[in-house]
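Q: Sharing a model that was predicted from the sequence below.
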Amino acid sequence: MVLKTKEQARANLEQSISYIPQRYVDGTAAADWKTPAGSDQAEANFNTEMTKVLSGKIRQKGVQAASNADWQVGCKERGSAVIGERIRGALEDWSREWGPKYDQVVTVVKALKPSTTDFRANIANRLTPTVEAWKRASGKL
């Protein structure tokens with residue numbers, strides 16, 4: 001058996017950068033993610049695995065095994081390079097999804113009673129209606 005060296009394997013991976021993105025686009029365009037992901041079997045699988053994760057404290061163990069410095073380096077070197085483009089790409093969705101909710105809240109906020117020196121009155125008359133407006137606009141009230 002002939003094995004590639006690590007350098008050869010890396011070179012092959014690096015060369016794939018030129019065609020993998022289009023294969024990904026083509027593959028996802030032809031795929032049906034929603035039907036299998038929304039099935040009862042998928043939900044049962046998810047529940048089974050989440051039970052294992054929670055009972056075994058897998059998330060916590062992973063966090064404890066990770067280095068804060070490695071996370072910070074990853075954020076700096078990888079995350080910061082893409083975050084602006086991801087935000088730019090999400091602006092239309094953000095406007096469509098969040099904009100109407102914001103408009104509903106603004107209407108409520110404009111009608112709030114004036115602020116007073118009584119913090120309890122401010123909570124009842126200003127904070128509570130604002131939070132309720134966000135919850136209502138989000139369909140959670």
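A: The structure has been received and is ready for your questions.
Q: Name the residues that touch stretch 63-70?
A: Where contact means Cβ atoms under 8 Å, 6 or more residues apart in numbering, no residue beyond stretch 63-70 reaches it. Heads up, the C-betas are built off the backbone N, CA and C, glycines and all.
Q: Check stretch 13-29 too.
A: Taking Cβ under 8 Å, 6+ apart as the rule, stretch 13-29 contacts no other residue.
Q: In CSV, list the C-alpha atoms belonging to that stretch.
A: Provided in CSV are the C-alpha atoms of stretch 13-29 (Å, rounded to 0.1, in the frame of the first residue of the first chain):
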residue,chain,number,x,y,z
LEU,A,13,-6.8,19.6,-0.1
GLU,A,14,-5.4,23.0,-1.1
GLN,A,15,-6.1,22.3,-4.8
SER,A,16,-9.7,21.4,-4.0
ILE,A,17,-10.3,25.0,-2.9
SER,A,18,-10.8,25.9,-6.5
TYR,A,19,-13.7,23.5,-7.2
ILE,A,20,-15.2,22.5,-3.8
PRO,A,21,-17.3,25.7,-3.4
GLN,A,22,-19.1,25.1,-6.7
ARG,A,23,-19.6,21.4,-5.9
TYR,A,24,-21.1,22.5,-2.6
VAL,A,25,-23.5,24.9,-4.4
ASP,A,26,-24.5,22.3,-6.9
GLY,A,27,-25.0,19.6,-4.2
THR,A,28,-27.1,21.8,-2.0
ALA,A,29,-29.2,23.1,-4.9
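Q: Centre of the chain to it, how far?
A: 23 Å (Cα atoms, centre = their mean, to the nearest Å).
Q: Return the set of buried residues in it.
A: By 16 or more other Cβ atoms under 10 Å, stretch 13-29 has no buried positions at all.
Q: Could you check how far Lys135 is from Arg96?
A: 20 Å (Cβ to Cβ, to the nearest Å).
Q: And for Gln72?
A: 34 Å.
Q: thinking again about what came up before, settle it for me: which of Lys135 and Arg96 has more neighbours?
A: Per other Cβ atoms under 10 Å, whichever of Lys135 and Arg96 has more neighbours is Lys135, with 12 against 9.
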